[in-house]
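Colleague: 3D model of this:
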Amino acid sequence: MRARTRILSEFTDRTIDLNDFAHSDGYLFVRDGVGVAGQGCAARIASSDAGDFLADIQHDTNTESVGSGAILIGCVPFKSSDPHHFVLPAVTISKDSDGHAWLTTIDDAKVDLEARPRTPESASSYTVRPGTDVEHYLAAVTTARDAVRRGEMTKVVIARNIIVESSNPIDIHALLTRLRSSFGSSYRYSFEGFVGASPELLVAVNDGNISSHPLAGTTRRTGDPRTDAALAAELLASAKNQIEHRVVVDMVHDTLLPWCSYLDEEPEASIVAVANVQHLGTHMSGALSQPGPNILDLVYALSPTPALGGHPQDAALKLISEHEGFDRGRYGGAVGWLDSRGNGTWAVAIRCAELSPDRRTARLFAGGGIVSDSDPHSELAETQAKLQAMLAAIIRP
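Modeller: Residues are numbered from 1 along each chain as shown. Alright, predicted model coming up:
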């Protein structure tokens with residue numbers, strides 16, 4: 001298999017929007033215009049074969065820039081031991097933060113950069129129903145909180161899901177466009193019916209430099225600057241949320257550090273605001289020891305993070321399996337891309353929807369970290385705020 005990479009301007013003098021190139025049937029991972037978009041499927045690769053597969057591809061390229069060349073895109077499910085695969089798009093466009101763009105074709109794949117017309121949106125009716133019964137969710141939160149109080153774990157994340165049914169197929173391209181309007185600073189992604197806008201960077205590797213931005217601890221946003229500032233101050237002062245956040249930061253730091261020559265983190269958590277909620281976040285950055293690992297080694301070591309699972313991991317995952325009441329699938333895992341040199345960017349798979357094959361049904365997810373001071377009804381309100389991101393993007397006319 002052969003990958004040919006050239007500067008995008010050799011193919012067109014038109015600016016190509018990654019969202020439009022991926023459209024409804026392609027692959028997308030992008031934040032603030034930086035990322036990758038693919039069309040067609042040259043190969044589906046089992047997760048265990050990803051590194052060897054990329055190493056065996058012959059590359060014809062005039063650049064060694066991160067994100068150029070053959071790229072695999074995919075999702076690691078919440079239970080990373082579950083079977084999953086990555087996709088090598090037949091045609092990929094990559095863009096970096098300096099405005100450079102490349103186009104990669106696999107073998108004799110045809111390149112079509114013509115803008116596709118937007119599908120006229122028809123009026124749809126929707127029904128929304130709980131996938132997880134509210135009383136079941138409240139009972140699971142109570143069970144988790146009591147386990148923390150008994151000292152069995154420090155934190156456990158309990159989630160719930162809702163089901164959205166549409167009278168017409170949900171237009172993925174239109175959904176991604178709406179998400180860009182409201183969540184442009186998040187990592188927007190689309191992979192085989194799994195669509196979302198995650199604010200949380202799991203891990204990125206860029207030519208030996210590593211970064212991560214774990215989030216944990218949440219409050220709502222109202223749209224009023226003074227109210228939101230007061231809510232942010234309460235979040236920063238909240239012992240409950242700071243404990244929840246610290247558990248995640250310490251695990252990510254301790255997991256990544258053995259691979260690093262150094263790894264720094266912000267001394268204090270800061271506020272990360274998205275359209276409808278705001279989180280505590282701590283940015284980490286460092287340098288990998290050389291020879292460095294493939295980014296997939298780091299993704300699997302981190303997944304699922306305590307922000308979606310809990311700590312200690314084994315005890316938390318056991319409680320989730322026994323009491324949460326549904327299969328998370330890809331929710332709570334990781335989504336992103338990697339290249340043949342071990343670089344890539346992966347986000348935590350949250351603020352997402354899993355669409356049915358006919359695109360008429362969407363399953364949405366939200367959860368929260370449970371610690372000893374957690375109140376079940378407050379946790380329910382937090383999930384309601386988080387669910388609004390995807391719910392509004394789907395049903396908004």
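
Colleague: CA only for contacts and neighbour counts going forward, please
Modeller: Will do.

Colleague: which stretches in the stretch 51-200 of the chain count as strands?
Modeller: Under the criterion DSSP state E, counting those that start in this stretch, the stretch 51-200 of the chain contains strands at 58-61, 71-76, 85-95, 101-106, 126-130, 155-166, 187-191, 194-198.

Colleague: next, the buried residues of stretch 205-223.
Modeller: Residues of stretch 205-223 classed as buried: 205-221 (neighbour count, 16 or more other C-alpha atoms under 10 Å).

Colleague: now do it: distance to the chain's middle.
Modeller: 11 Å (C-alpha atoms, centre = their mean, to the nearest Å).

Colleague: first to last residue in that stretch, what's the distance?
Modeller: Terminal residues of stretch 205-223 are spaced 35 Å apart (C-alpha to C-alpha, to the nearest Å).

Colleague: mean confidence for that stretch?
Modeller: Stretch 205-223 shows a mean pLDDT of 92.

Colleague: quick one: residues contacting residue 259.
Modeller: 288, 289, 292, 293 (C-alpha atoms under 8 Å, 6 or more residues apart in numbering).

Colleague: rerun at 6 Å
Modeller: By C-alpha atoms under 6 Å, 6 or more residues apart in numbering, the contact list for residue 259 reads 288, 289.

Colleague: quick one: it from residue 207, how far?
Modeller: Counting by C-alpha to C-alpha, the gap from residue 259 to residue 207 is 14 Å.

Colleague: next: residue 180.
Modeller: For residue 180, the distance to residue 207 equals 28 Å [C-alpha to C-alpha].

Colleague: equivalent analysis for residue 364, please.
Modeller: 35 Å.

Colleague: how about the helices in the stretch 101-250 of the chain?
Modeller: For the stretch 101-250 of the chain, applying DSSP state H, counting those that start in this stretch gives helices covering 134-149, 172-183, 225-237, 239-256.

Colleague: and the longest one, what's buried?
Modeller: Pointing back at helix 239-256 there. 240-249, 251-253, 256.

Colleague: secondary structure element for the residue nearest to residue 152 when sequence neighbours are not counted?
Modeller: Nearest non-adjacent residue to residue 152, counting by C-alpha to C-alpha, 6 or more residues apart in numbering: residue 315, 7.5 Å away. Residue 315 is part of helix 313-323, with elements assigned from DSSP states H and E.

Colleague: could you list the buried residues of that helix?
Modeller: Applying 16+ other C-alpha under 10 Å to helix 313-323 flags 313, 315, 316, 317, 319, 320, 323 as buried.

Colleague: and the next helix or strand past it?
Modeller: Beyond helix 313-323 in the direction of the C-terminus, DSSP H and E gives the next helix or strand as strand 334-339.
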